[in-house]
Structure formats: C-alpha cells, structure tokens
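Chemist: With the sequence up front, the predicted model follows.
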Amino acid sequence: MAKIFQNSLLQSKTRYQLLATVIVNIITFGHGFGVGWLSPTLAKIQSPDSPLDFAVNIDEISWLGSMIGIGGMAGNLTIGLLLERIGRKLCIYMLAGPYACLWILIYCASHVGYLYAARFLCGFTGGALFVALPIFISEVADSNIRGALSSLIMVYFNFGVLAGYIFCTYLPYHIVPFFGILLPVTYFVASLFLPETPTYLLKRSKVNAADKSFRFYTNQPEGTTSKAQFEDLQSAILLQQSQHTAPLSYRDLITKPALKAFGGAAVLCAGLRFSNISSFITYTSDIFAASGSVLDVNTCTIIIGVVQIVGVYTSTMFVDIVGRRLLMLLSTMGVGLGCIAFGCYTYFAGIYDLSQFNWLPLMLMILIIYLANIGINSLFSLVMVELFPAKIRSLATSMSMIWLSLMAFCTLKLFPHLLHDWGISVTMWLSAIWSLLTFIYFLLFLPETNGKSMIED
C-alpha cells in the first residue's frame, strides 16, 4: 500500500509534473487522431461514394500508410539536432505548426499528393514528439512516478487513435479537419506557460531559472524550495559535466555502455515494428476484412481503439511497481502467441467451415493489442531513454528513433502487399516470429531500468 501511495500521480508535490505531462501530451493525442484518421478514411475513399475527386489504388494506399515513416525520420533528425541547442520546451512548442498544416492539406486535397504530404507531416510530428516528450518528462518527473508519467504518452496517443477511428467513421470527410485543427491551437496556447526543465537550464548554467523551474515542478512556493534537493540535482549535473568536459564526439557513441544500449534499442525498435503492431493499428479495417470476420469492420476498429487504452492504462498502473522488464517480457511473448493463433484461425478458416467461430478474429486481435500495449508499445520510448548514458541520451535517442521510423516506413509500405499477395495467415506468422525473437532477447539481455537516475550514467 505504501508503495502504491508513493507512486501516486496525485501527490501534492508532483501535481505540476502531472499537469505538464497532460499539457504536452495534447499534441500526442493529436498525433494519435491523425494516425487513426487513415483506417476508416481508406474505406471511404475507396468506395464508389468517395468524398474526393480522385481514386486511389493499392500502391497509393501503401504509400499513404508508409509516408508516416518518412516523416518520422525527418522529425527524429530535426528534433535530435535541436533538442540540446534550443532546449526541450521550444522543441515541443514548435510541434503545433506542422500538425496544423496536415489538416489543412487533408481538407484541401485535390490529388493524392496532398494526402502524402499530410501523412508526412503526421509522421514528422510523431517522430519529433516521441524523441522530445520522453526526455522532457524524464527530466521533470520524480523517479518514483517517471514510468507512469512516461506511459501517459501512449495513453494519450491511443485515446487520439480511438477518437480518429470514431470521428472519421461517423463524420463526413471534410468536417473532421475542423476538429483536428483545434488541437494544435489548444496545445500552442497551453504549453506557452510551462518552464524549461531544470536539468537543461542547469546544463546551460542558468541557476536562477533552474531554481524557479525546479520549484514549479515540485510544487514549492517561492522561498520554500528544498535547497537540499535542488543542490543534489545541481551537484549531479556539475559532476556529470566535470566527467564529460570534452564535447560530444563519435567516441562517446562507441563506448561499451553506449554500444550495449544501442543494441538493446535496436532490438526494441525491430521488435516493435516487425511484430507489426503499428500496421495492425493503421490497417485494422483491412485486417478484419481479410480475416473473414462477419462483424462490422468499423465497429471492430473502434473496439480495438478502446482495447489500446485499457492496455496502456494497465501499463501505467504497474510500470513503477513491477518494473519495465516483466511487462516487456509478458507483452512480446503474448503478442507472438496471439499472432500464431490468429494466423492458424485464418488458415483453417480457408479450408474448413469455421463460421460458428467468426467472433474469434476480434477476440484474438483484442488479446494481441492489449498485450502489446501493456509493454512494448507503451514502454518502448521510456525504456529507450533509460537505456542510454546521460551524455549521449538526446543524440542516441534521436538516432534510434530514426531507425524506428525507417522500419516503420518499410513495414507500413509492405504490409498491404503482404496481405494482398501472401495472405493474412503468413503475415501474422511473420509477425509472431519477430515478436518471439524479441522476447528471447529481452529474456537474456534486457536490464531493469526502473528507478535509474536520469543524471548519472
């Protein structure tokens, strides 16, 4: 009970840490809304009653799905170059611009190129925020709630995906952008009032500003700051800087701890992308159509959106109690076994009459998505940030996210073709293989990072 109370997000001293996390994740909700837009919209723009003046073919659909990966790489690279130069706050503040532009492009689309550009900007926003937000949150959050606050990134993302599924299913194509563009405006105004992280300010020797920021995020009025806590943070920063007096160079990226962290991050990214969790979310309607489910595909899609939220909420509740490693192991093993079962069902459904089990694809996908969201899908950015040494954390996280976005492009581009050419069964079995390989690696090599200092290596 004491452990649970200690990890509560509602403590007085962490109130503004939670508030800051809620504010910056408005853009995460928006990104999820943009991601969720595609699945139900594809059904609309491929139908005879398409709201657009142009048709799309299977190759263009694959580009629509995968363009988010190219945008993600651009966002990863841009934010990686800016994060240490202009600070965390300004980086996350700037995300409102490209996100607003994507809804303007969607509304004005008169050619498929407009939709490509919109998906690119959606990816750019996501690629940038998944680098900047975990670092921002890790630097303002107390260590005992850092996991829970970081998990809220995926809570907001999944709420956004669900909202995208619902709005784009039931509202006309040209109405949805009016709701979408409200989000960056709200985010732009709300995030203006957040101070820069005390860690970044101390690195820039702005002690007075850092003290004010520290008091804000620990909810301590002026004159009541716990000098011991702030001085501990300041001493840790000074110690780190004294140990790393030389500027960052390629040699810092090839030390043993750095290479070990890069290896873990590479497997983490590959496990997330090649187990096709993102593809399941992007092409949910197509998957249910290919599985032979007689249930309404849009209803199934909305149900899956709800399941994502439940899964991430479960992760948020337990990540700081049971740790990261256990949840990652349960997640990867469960996704692998679930994909095997899904593939077996669709394989035998093509041979035998399994119409009495037509509810099974939905149940299996619920299981897969839930297990993905208690671990690998919700915790990947948190674990990645915690794996890297402090000196290279910003750059290494950005490099890893570029790798993640490259694989996102490849998997989202190939997934519709795999469904079309190889069938749903083989596609699900390939996903299972990658997920189980990731489980084996995590079982043997993934360290527990719960409670790790964000200042000390």
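Modeler: Nice, I can see it.

Chemist: excluding its backbone neighbours, what's nearest Ser381?
Modeler: Pro134 (4.4 Å; C-beta to C-beta, 6 or more residues apart in numbering). For every residue, glycine as well, the C-beta is placed using N, CA and C.

Chemist: OK, contacts around that neighbour?
Modeler: With contact set as C-beta atoms under 8 Å, 6 or more residues apart in numbering, Pro134 has these partners: Ser150, Ile153, Ser381, Leu382, Met384, Val385, Thr397.

Chemist: Dump these into TSV; add pLDDT and secondary structure as well.
Modeler: Compiled in TSV, the contacts of Pro134 are given as follows (pLDDT from 0 to 100; DSSP: H, G, I helix; E, B strand; the rest coil):
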residue	pLDDT	secondary structure
Ser150	80	helix
Ile153	86	helix
Ser381	77	helix
Leu382	80	helix
Met384	83	helix
Val385	79	helix
Thr397	80	helix
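
Chemist: Output the below-cut-off pLDDT ranges for the chain.
Modeler: For the chain, applying pLDDT under 70 flags the ranges 1-10, 12, 222-228, 231-232, 239-248, 293-294, 452-457.

Chemist: ok so, going back, out of the contacts of Pro134, which comes closest to Glu448?
Modeler: Leu382 (12.5 Å; C-beta to C-beta).

Chemist: ok, that closest one touching Ser150?
Modeler: Yes. Applying C-beta atoms under 8 Å as the test, Leu382 and Ser150 come out as touching, 4.0 Å apart.

Chemist: who has more neighbours, the two?
Modeler: Ser150 (28 against 25; other C-beta atoms under 10 Å).

Chemist: you'd agree the more buried one is up against Ser138?
Modeler: Yes. When contacts are counted by C-beta under 8 Å, Ser150 is listed as touching Ser138 (6.7 Å).

Chemist: intersection of neighbour lists for these two?
Modeler: Leu382, Val385.

Chemist: what's near enough to touch Phe442?
Modeler: Contacts of Phe442 (C-beta under 8 Å, 6+ apart): Val267, Gly271, Arg325, Met328, Leu329, Thr332.

Chemist: where's the residue nearest to Ser381 relative to Asp53, distance?
Modeler: Taking C-beta to C-beta, to the nearest Å as the measure, Pro134 and Asp53 are separated by 41 Å.

Chemist: How about Thr186?
Modeler: 32 Å.

Chemist: Compare the two and say which is more crowded by neighbours.
Modeler: The residue with more neighbours, out of Thr186 and Asp53, is Thr186; 15 against 8, by other C-beta under 10 Å.

Chemist: Point me to the helix or strand that includes the more buried one.
Modeler: helix 182-190 (DSSP states H and E).

Chemist: Against which helices or strands is the next helix or strand after that helix packed?
Modeler: As assigned by DSSP H and E, the chain's next helix or strand after helix 182-190 is helix 198-203. Judged by 3 or more C-beta pairs under 8 Å, 6 or more residues apart in numbering; DSSP states H and E, helix 198-203 is in contact with helix 112-140, helix 207-217, helix 227-243.

Chemist: If we go by neighbour counts, what in the shortest one is buried?
Modeler: Okay, so that is helix 207-217. For helix 207-217, a neighbour-count test (16 or more other C-beta atoms under 10 Å) marks Ala209, Ala210, Asp211, Lys212, Ser213, Phe214, Arg215, Phe216, Tyr217 as buried.

Chemist: who touches the first one in this structure?
Modeler: By C-beta under 8 Å, 6+ apart, the contact set of Ala209 is Pro195, Glu196, Leu201.

Chemist: Quick one: neighbours of the first one, just the number.
Modeler: In other words, Pro195. 18.

Chemist: and it, what does it touch?
Modeler: So Pro195 contacts Lys89, Ala209, Lys212, Ser213, Phe216, Tyr217 (C-beta under 8 Å, 6+ apart).

Chemist: same check, this time on Ala74
Modeler: Contacts of Ala74 (C-beta under 8 Å, 6+ apart): Phe120, Gly123, Phe124, Gly127.

Chemist: rerun that using 10 Å as the cut-off
Modeler: Neighbour list for Ala74: Pro98, Phe120, Leu121, Gly123, Phe124, Gly127, Ala128, Ile402, Ser405 [criterion: C-beta atoms under 10 Å, 6 or more residues apart in numbering].

Chemist: Same question for Phe388.
Modeler: Applying C-beta under 10 Å, 6+ apart, the residues near Phe388 are 253, 257-258, 260-262, 264-265, 394-397, 399-400, 457.

Chemist: could you flag which of the residues you listed are buried?
Modeler: By 16+ other C-beta under 10 Å, those give 253, 258, 261-262, 264-265, 394-397, 399-400, 457 as buried.

Chemist: between these, which is closest to Ile237?
Modeler: Asp457 (12.9 Å).
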